[in-house]
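A.B. asks: My questions are about this predicted structure, shown below with the sequence.
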Amino acid sequence: MTKLPLCTIALAAVIAPAGAHASDHPLDPLSYQEIWRALELIRDAGHMNRETRFSQLTLHEPPKRDVQAWRPGAATPRMAYAVVRQGKDAFEAIVDLAGNRVAAWSPLAGVQPNWSGDDYEAVVDKVLEHPDFLDALKARGITDTTFLDCDTVPPGYFGTDEERGRRIGNVRCAEPRGVRNAWTRQVEGLSAVVDLESEEVLRVVDDGPVPLSATDGDFDRTTLKRPREIPGPLDTRQPLGPGFEFDGHLVSWQNWRFHLRPDQRLGAVLSLVSYQEQPGRPTRSVMYQGHLSEIFVPYMDPSFGWYRRNFIDAGEFVSGGLAKALLRGRDCPDYATYVETVMSNDKGRPRTVPDTICVFERETGDPAWRHWSSEMPDSRKSRDLVVRVGAVVGNYDYLLDWIFR
């Protein structure tokens, strides 16, 4: 069953356009061509071949003091940050795009890089050939693995001898026949612990057979016999355009100014938030930078297959990006402005994902302030600016809102 946690951050401010230029500001995201340039420089430095995998490739921010001192027209430092895997070895890289060089290449010791797309299928074939796993499936009445959906996920780290120095994954399976939502058809009580680097099945953990659920948990529109109708459509229009303005990734709304950067791991990064109380008066800094740091999901069930699900959603499941495309007119109003994100895949190659952030103004019909008196009754209309990211990890959908007033 899909859960829909809502994270709402009430601050106040503005957002960025879909067509922002990549190097107008030190905090702008890496462009499509900048990501390719970073890859070329890593290759030219001898650090890359066809087997190289990237857990991250994103902007390396300049120091805060340099960002605050920067003025339009000044030189814009452009650096890329990458987490790179070469077989069993992992490295952190800093690439100087302006200087056309790899500025730093540092081995990572004692830690594991973020999960990548290849990891989700690692060692699955060997698990489905392992006699202990096949016997456990048979005990559950499953003798044909043709249609099983199995994947390898990052378990929580508990510092055991088995885990230390290894890239460990847990393989779980589901029987998806006839349903769209296979999360209701998990093969419960059965896991395989695997080493992704040596491609070994370390052990099979069987907590005992559990009957396969017969529940139909499909939740798409076609499964609803009587969807609730909403009569009388609401039509919100802005004939003079939105009340916010864009200048690259720098945005303004009413008295607020700030910079917005789409980010593959974090979804959205808001920086340099400031407020000007009155025209002609100095702008007051409110926040240097704010973003989602992490989504920590510990299940805490004592059974092996569940307490090991101790996920760090934003930090571990980076493959494909945290934010997914929003549905126009459903996730956000028809009149919203949408922002795209340039993301890199496991090989570091960029792709553009449209509509990952939406920005819109809304009026709830509530007053921001009111007072009635016979001399001068007054009520002041309330208007919000909403910045929304739709994050998806597995069967979890997160709507992350910044609400500015």
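C.D. replies: Looks like it arrived, so ask away. Residues are numbered from 1 along each chain as shown.

A.B. asks: can we go C-alpha only for contacts and neighbour counts from here?
C.D. replies: OK.

A.B. asks: packing partners for the longest helix along the chain?
C.D. replies: When the chain is parsed with DSSP state H, its longest helix is helix 32-44. Packing contacts for helix 32-44, counted by 3 or more CA pairs under 8 Å, 6 or more residues apart in numbering; DSSP states H and E, involve strand 89-96, strand 101-107, strand 350-362.

A.B. asks: Any idea which of those strands gets closest to Gly165?
C.D. replies: strand 89-96 (11.3 Å; CA to CA).

A.B. asks: Show the average pLDDT along that closest one.
C.D. replies: Strand 89-96 shows a mean pLDDT of 96.

A.B. asks: Distance of the residue nearest the centre of the chain relative to His130?
C.D. replies: Residue closest to the mean C-alpha point of the chain, counted by CA atoms, centre = their mean, is Leu322 at 1.4 Å. Distance of Leu322 to His130, computed by CA to CA, to the nearest Å: 33 Å.

A.B. asks: Leu266 now?
C.D. replies: When distance is defined by CA to CA, Leu266 is 38 Å away from His130.

A.B. asks: more neighbours, those two?
C.D. replies: Counted by other CA atoms under 10 Å, Leu266 and His130 do not tie: Leu266 has more neighbours, with 20 against 15.

A.B. asks: Is that one in contact with Gly290, as I believe?
C.D. replies: No. Leu266 is beyond contact range of Gly290, at 10.3 Å (criterion: CA atoms under 8 Å).

A.B. asks: Give me the residues contacting stretch 281-289.
C.D. replies: Val269, Leu270, Ser271, Leu272, Val273, Ser274, Tyr275, Gln276, Glu277 (CA atoms under 8 Å, 6 or more residues apart in numbering).

A.B. asks: which ones are touching the residue nearest to the centre of the chain?
C.D. replies: Leu322 neighbours (CA under 8 Å, 6+ apart): Gln264, Arg265, Leu266, Gly267, Ala314, Ala391, Val392, Val393.

A.B. asks: and those residues, which of them are in helices?
C.D. replies: Ala314.

A.B. asks: Could you tell me the angle between whichever helix or strand comes after the longest helix of the chain and strand 350-362?
C.D. replies: Sequence order places strand 53-59 as the next helix or strand after helix 32-44, per DSSP states H and E. Interaxial angle of strand 53-59 relative to strand 350-362 (axes from the mean of the first three to the mean of the last three CA atoms, to 10 degrees): 50 degrees.

A.B. asks: list the helices and strands strand 53-59 packs on?
C.D. replies: Looks like strand 53-59 contacts strand 79-86 (3+ CA pairs under 8 Å, 6+ apart).

A.B. asks: partner strands of the strand it packs on, parallel or antiparallel?
C.D. replies: If you go by DSSP bridges, strand 79-86 pairs up with strand 53-59 (antiparallel), strand 89-96 (antiparallel).

A.B. asks: and of the ones you listed, who's closest to Thr356?
C.D. replies: Of the strands paired with strand 79-86, nearest to Thr356 by CA to CA is strand 53-59, at 16.3 Å.

A.B. asks: Report the buried residues of the closest one.
C.D. replies: Arg53, Phe54, Ser55, Gln56, Leu57, Thr58, Leu59 (16 or more other CA atoms under 10 Å).
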